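Participant: here is a sequence together with a model predicted from it:
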Amino acid sequence: MLFVYLAYDLVGSYGWIYEQAIYSMLSLMSANGWDELPEGVSFIAYVDAPERLEPLTGILEVRRLQKERMLSDMGPHRYIHRLKTTTLIDAGSKTSSPVAFIDCDIHFRKPILERIRMVSPGTMLMYAREFPILEPPSRRQGHFPRLLRAVTAGGEPIPRDPGPYIYNSGVIGLHPADFHLLDKNLALIDRGLDVEACHVWEQFALSIALAYRKMKVITLEDLAHHYWDQREEYAAAIAPILRAIRENKMSVSDAVAYVREHPLNVPPYRKRSLPVRLLRKLAGKSKMPSIRIQEEIPNLFRHDRG
């Protein structure tokens, strides 16, 4: 099994993603009881600053990202989350084993290897099942009807029996026999963004693609936590652990043991409304750096309608 991570800091505003990636990898090893990577398991990290991955660089295969290639892979709409799919395609092209893409903000709590081994031709792994595509929650009603029309405009009706679900793509596990699914995903991403800008379109398009291919989907939200909406709390909990690892120049095995011996103390999840999150950022109270893609990438989540 090849575990794939993607970390980047395009304009010097999101360096925290490297800390997330390091802790995610250490938590993966800790949860599975690995002091070192077992035979048949490997990590590959696609990054634009490999030196930030210390102390894990010795156990990783590192692929350095070039800015020009990243901008190209973001596609005609400069959609940052398109990089997840292009990275997974590249990693899959260089191995004959199943591949699991892991978002950097995934914290592993329990062993996952048995779940991962269920990935096989026609069966893939996603982080969690969210809601029926054809019955989106009210907060998505504005985006989804337009996106669905964009998909069906290509002559392919949405499968209805059984009705497909949106899956959270914090983890994507795929067998080499099913890598063709990713080409379909890219086509759907670009088709949808021709009509409607939507930051979660990558996982929506992938959910449609796997429904077209009638894939069986297994999930692992009971074994890990995708803390995308608790990044401030996790930042505060993770920082002293990584600081101790670096200050004491721990080996990888010692770092894994330290993570195992120092479980995160994170307050229970409390949903915050979008206006509250925005006001916190505007007031400068957020401990987490925001993604500020400015003059260099002006159309990250939007495009000219023409």
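Facilitator: Received the coordinates, thanks. Note that the structure is predicted; figures quoted are calculated from it, not measured.
Participant: what's the closest non-adjacent residue to Ala45?
Facilitator: Tyr5 (4.6 Å; Cβ to Cβ, 6 or more residues apart in numbering). (Each C-beta comes from the backbone N, C-alpha and C, glycine too.)
Participant: wait, what's in contact with the one you found?
Facilitator: Counting by Cβ atoms under 8 Å, 6 or more residues apart in numbering, Tyr5 makes contact with 21, 24-25, 43-47, 101-102, 104.
Participant: which one (most neighbours) among those?
Facilitator: Met25 (27 neighbours; other Cβ atoms under 10 Å).
Participant: show me what contacts that one?
Facilitator: 3, 5, 43, 56.
Participant: that one and Ala255: what is the separation?
Facilitator: Applying Cβ to Cβ, to the nearest Å, the value for Met25 to Ala255 is 10 Å.
Participant: swap in Glu19?
Facilitator: Separation of Glu19 from Ala255 (Cβ to Cβ) stands at 13 Å.
Participant: between those two, who's got more neighbours?
Facilitator: Ala255 (26 against 19).
Participant: check the secondary structure at that one for me.
Facilitator: Here Ala255 is recorded as helix under DSSP: H, G, I helix; E, B strand; the rest coil.
Participant: quickly find the element holding Ala100.
Facilitator: Using DSSP states H and E, Ala100 sits in strand 99-102.
Participant: packing partners of that strand?
Facilitator: Secondary-structure packing of strand 99-102 (3 or more Cβ pairs under 8 Å, 6 or more residues apart in numbering; DSSP states H and E): strand 2-7, helix 82-92, strand 165-174.
Participant: can you state the direction angle for whatever helix or strand comes next after the shortest one and strand 2-7?
Facilitator: Next in sequence after strand 2-7, counting helices and strands by DSSP H and E, comes helix 16-31. Using axes from the mean of the first three to the mean of the last three Cα atoms, to 10 degrees, one finds that helix 16-31 and strand 2-7 are set 150 degrees apart in direction.
Participant: so that it lines up with my notes, have the first residue be 33 from now on.
Facilitator: Let's use 33 as the start, then, which means that last one is helix 48-63.
Participant: burial measure for Asn297, as a count.
Facilitator: Asn297: 8 neighbours (other Cβ under 10 Å).
Participant: now Pro87
Facilitator: 17.
Participant: contacting residues for it?
Facilitator: With the criterion set at Cβ under 8 Å, 6+ apart, Pro87 makes contact with 277-278, 281-284, 287.
Participant: gap between it and Pro70?
Facilitator: 19 Å.
Participant: need the contact list for the closest residue to Phe211 other than its chain neighbours.
Facilitator: Closest residue to Phe211 apart from its sequence neighbours, by Cβ to Cβ, 6+ apart: Gly124 at 4.6 Å. Gly124 sits next to 131, 206, 208, 211, 214 when contact means Cβ under 8 Å, 6+ apart.
Participant: report the rounded mean pLDDT for the helix or strand where Leu179 lies.
Facilitator: Using DSSP H and E, the element containing Leu179 is helix 176-184. In this model, helix 176-184 has an average pLDDT of 69.
Participant: burial of Trp233, as a residue count?
Facilitator: Considering only other Cβ under 10 Å, Trp233 is surrounded by 24 other residues.
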